[in-house]
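Q: heads up, no residue letters with this:
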């Protein structure tokens with residue numbers, strides 16, 4: 001799904017949030033309920049502005065292959081829109 005949007009993600013890796021426990025944050029963005037619940041334990045984020053946007057979990061999608069693909073595309077597009085909106089509202093241009 002990311003390649004369709006011209007985002008190279010083959011070399012991206014998974015990291016645990018606790019790997020950033022001592023990193024100070026200005027913002028904490030989350031897009032899933034689990035992240036929203038667990039990010040509160042980051043010591044470096046105690047004063048961070050927290051922004052949350054719930055998106056459906058595409059891995060739970062059911063239906064035809066086309067419907068499941070659409071679910072993944074929709075989730076990607078919602079996260080992208082959330083990120084673009086965040087940048088426009090909160091980061092200097």
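A: That came in fine, so what should we check first? Everything numeric in this text was worked out from a predicted model, so none of it was measured.
Q: Tell me who's in contact with residue 83.
A: Going by CB atoms under 8 Å, 6 or more residues apart in numbering, residue 83 touches residue 29. All C-beta atoms are positioned from the backbone trio N, CA, C, and that covers glycine.
Q: Tell me if I am right that it is in a strand.
A: No: looking at residue 83 with DSSP: H, G, I helix; E, B strand; the rest coil, it is helix, so not inside a strand.
Q: so who does the residue nearest the centre of the chain touch?
A: The residue lying closest to the centre of the chain (CA atoms, centre = their mean) is residue 31, at 4.6 Å. By CB under 8 Å, 6+ apart, residue 31 lies in contact with 52, 53, 54, 55, 78, 79, 82.
Q: pLDDT score assigned to it?
A: You'll see residue 31 listed with a pLDDT of 86.
Q: Apart from its neighbours in sequence, what residue is nearest it?
A: Nearest non-adjacent residue to residue 31, counting by CB to CB, 6 or more residues apart in numbering: residue 55, 5.0 Å away.
Q: follow-up on the earlier one: out of the contacts of residue 31, which end up buried?
A: Neighbour-count burial (16 or more other CB atoms under 10 Å) is assigned, among the contacts of residue 31, to 53, 55, 82.
Q: which residues touch the first one?
A: If a contact means CB under 8 Å, 6+ apart, then residue 53 has 29, 30, 31, 78, 79, 82 as its contacts.
Q: if you set the cut-off to 7 Å instead, what comes out?
A: Residues near residue 53 by CB atoms under 7 Å, 6 or more residues apart in numbering: 31, 82.
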